[in-house]
Structure formats: C-alpha cells, structure tokens
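S.K.: Model the structure of this input:
(4 chains)
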2 protein chains.
Amino acid sequence: MDNKQSDCEAINFELIEKIRPKMPEQTLLYELSDFFKVMGDGTRIRLLWALEESEMCVGDLAVLLNMTKSAVSHQLKVLRLAKLVRSQKKGKNVYYSLDDYHVKTILEKALEHVCE
Amino acid sequence: MDNKQSDCEAINFELIEKIRPKMPEQTLLYELSDFFKVMGDGTRIRLLWALEESEMCVGDLAVLLNMTKSAVSHQLKVLRLAKLVRSQKKGKNVYYSLDDYHVKTILEKALEHVCE
DNA sequence: TTGACAGTTGAACAGTTATTCAATTATAAT
DNA sequence: ATTATAATTGAATAACTGTTCAACTGTCAA
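M.R.: Below you'll find the model as predicted:
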C-alpha cells in the first residue's frame, strides 16, 4: 500500500531524505505554531502591547481597548494559559502583567518584518 | 450616547490616558497579528522549516511533509502572499525558497520560549 | 443581609480556515 | 497532436475561533 496522503512523486528523493532528519520533532513544531496562534489575534496583541506599558486590571483594559470586560477576560485567559501573562488578585480587582521576557523581542522582530 | 463596547468603568483613568497615545496604530497592530496568524499553523511552520534547509519544489515538499500537492500549494500561496516565501519556475517544476531574513530569528526566539 | 461592582464562565452564533476533491493550466516528451 | 506530469485553483465541507449574552462567583460597603 502506498502513501495515501502524498499524491505525487518527489523529484529529489536524496535531498528529502537528507532534510527529513533535520526537521524538529512534530510535537515541537506544533507547540511552536500554537504559540504563534496565540499571538495571531488583534485583541491579544493589543493586550500584550498595553501590558508592556503597565500592569492593569480587566476593567482598565476593557476601557483602553474599547471592549467588553467579558471579551477581554476570555482573551486574557488564552494568554494566561499560554503563559504570556500572569494575574494577581488585589481586593475586588484582578491585575494582569506580562509573564515572559521573550515576548518583547519577538514582537519587536515581527514589527521589523511588518514595517520593512 | 455612551460607549456600547465597554460595559464598565475604569479604575485608573489617568493611567489609561497616559498609555493610550503610546499604543501603536491599530492598523499596524493588525498587520502584526496577521503576520503571526500566518505563522500560527503547523503545516506552514513545517514548510518554513523545511525551506530553511533548501529550496524545493511542491512535489518534494508534499512527500517530505506527507501531504497532497494541493494542500501544500494552498499553504504556499498563503506564505507567498505574506512575502515569507518566493517561487521560481524551472521547467515543469516550481521551486520555493525563503524570502525573509527575519523569519529565522523569529522562529528561533519563539523556539526558546516554547522550549524554556 | 443586602446591594453593587469586578471578573469569570459556558453556550450560542457568526465568521474564518485548512483540507479534500475535481477541474484546469502549463510544460515536457513521445 | 497526444499523453503525462507539475502545480494551481475554486467550491464544498468540517473544524475552529472570537464575541456576545446571560448567569454566576467572590469581594467590598452600607
């Protein structure tokens, strides 16, 4: 039985078999794309950018970004699960702040690409 | 008429108004998240990683990643429109290669984050 | 205890997206 | 010309995602 996924023949099998072992593990690549998936949303990028300036509570962020608290909370949860932000309860409020030192570098590099 | 989006009062208006002008333009932030959206797919990340090793034609990539040529071609189109890869026709084949020097850096930084 | 406020949550909806399939273009070989 | 191969394309489908809405939890103040 031949491969059902790939519907064609490769031109350069030697090259392919040389490259194949150099590919990172599938699971790692999917973790990587999951990370980018989290960054790949306008709301979440704006949240990260805002939190780079200062920690803020959900209400502040909602006003700043002109969104409902619910929508902000949902997205903060995604960022929290991705370990990009961290939360801290103070009285009635929950304050969020950045939780990863790589994020800033990545944002800057990506900005270079976009602005080029 | 008050703001329909934000359903709440901010705790710290002063802070918000200090941060607001520091936020990059909306359009820029959305370009940024669009860029990450392109990276946020397992297939496309694998394609980029493979093309970092060597330029290849669609059939080679399909065999390497165990996918149909059609699926690969669709995703290469997305990468091409995002200016991350470039194509070059040689006889019957179309060879793809990386088209952005930032990509490698961004991939490496993101990998640091994922692997930490 | 009661009421108000801050935030979270789950379901539902609309919009988006990746793959498959079938049809098509373009090139090369016979 | 005909046939075969490489790649692209558009439509269709299924899966996923972000926001809204309503209900809920937890905290503070009166």
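S.K.: Spell out which parts of chain A neighbour DNA strand D.
M.R.: With the criterion set to C-beta under 7 Å from any atom of the strand, chain A comes near DNA strand D through A:8-9, A:11, A:37, A:40-44, A:67-68, A:70-71, A:74-75, A:78, A:89, A:91-92. Every residue, glycine included, has its C-beta placed from N, CA and C.
S.K.: Just the buried ones from those residues?
M.R.: Those of the residues of chain A next to DNA strand D that meet the buried threshold are A:11, A:37, A:40-44, A:67, A:75, A:78, by 16 or more other C-beta atoms under 10 Å in any protein chain shown.
S.K.: OK, contacts around A:Val58?
M.R.: A:69, A:72-73, A:76, A:93-94, A:96 (C-beta atoms under 8 Å, 6 or more residues apart in numbering or on different chains).
S.K.: overlap between the residues you listed and the residues near chain B?
M.R.: Contacts with chain B within the contacts of A:Val58, counted by C-beta under 8 Å from any C-beta of the partner chain: A:69, A:93.
S.K.: Which of the contacts of A:Val58 are buried? Put it as a PyMOL command.
M.R.: Selection of buried members from these for PyMOL, criterion 16+ other C-beta under 10 Å:
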select buried, chain A and resi 69+72+76+96
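S.K.: pLDDT below threshold where in chain A?
M.R.: A:1-8 (pLDDT under 70).
S.K.: Strands of that one, start to end?
M.R.: A:56-57, A:85-90, A:93-98 (DSSP state E).
S.K.: how about a markdown table for the buried ones among the residues of chain A next to DNA strand D, with distance to DNA strand C added?
M.R.: Converted to a markdown table, these look like this (distance: C-beta to the nearest atom of the strand, whole Å):
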| residue | distance to DNA strand C |
| --- | --- |
| A:Ile11 | 12 |
| A:Lys37 | 9 |
| A:Gly40 | 8 |
| A:Asp41 | 10 |
| A:Gly42 | 11 |
| A:Thr43 | 13 |
| A:Arg44 | 14 |
| A:Met67 | 11 |
| A:Gln75 | 9 |
| A:Val78 | 10 |
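S.K.: any chance of the residues you listed in TSV, with distance to A:Glu53 too?
M.R.: Formatted as TSV, those follow (distance: C-beta to C-beta, whole Å):
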residue	distance to A:Glu53
A:Ile11	51
A:Lys37	24
A:Gly40	22
A:Asp41	19
A:Gly42	18
A:Thr43	16
A:Arg44	16
A:Met67	17
A:Gln75	17
A:Val78	20
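S.K.: restrict those residues to those near chain B?
M.R.: Within these, those near chain B by C-beta under 8 Å from any C-beta are A:11, A:37, A:40-42, A:44, A:67.
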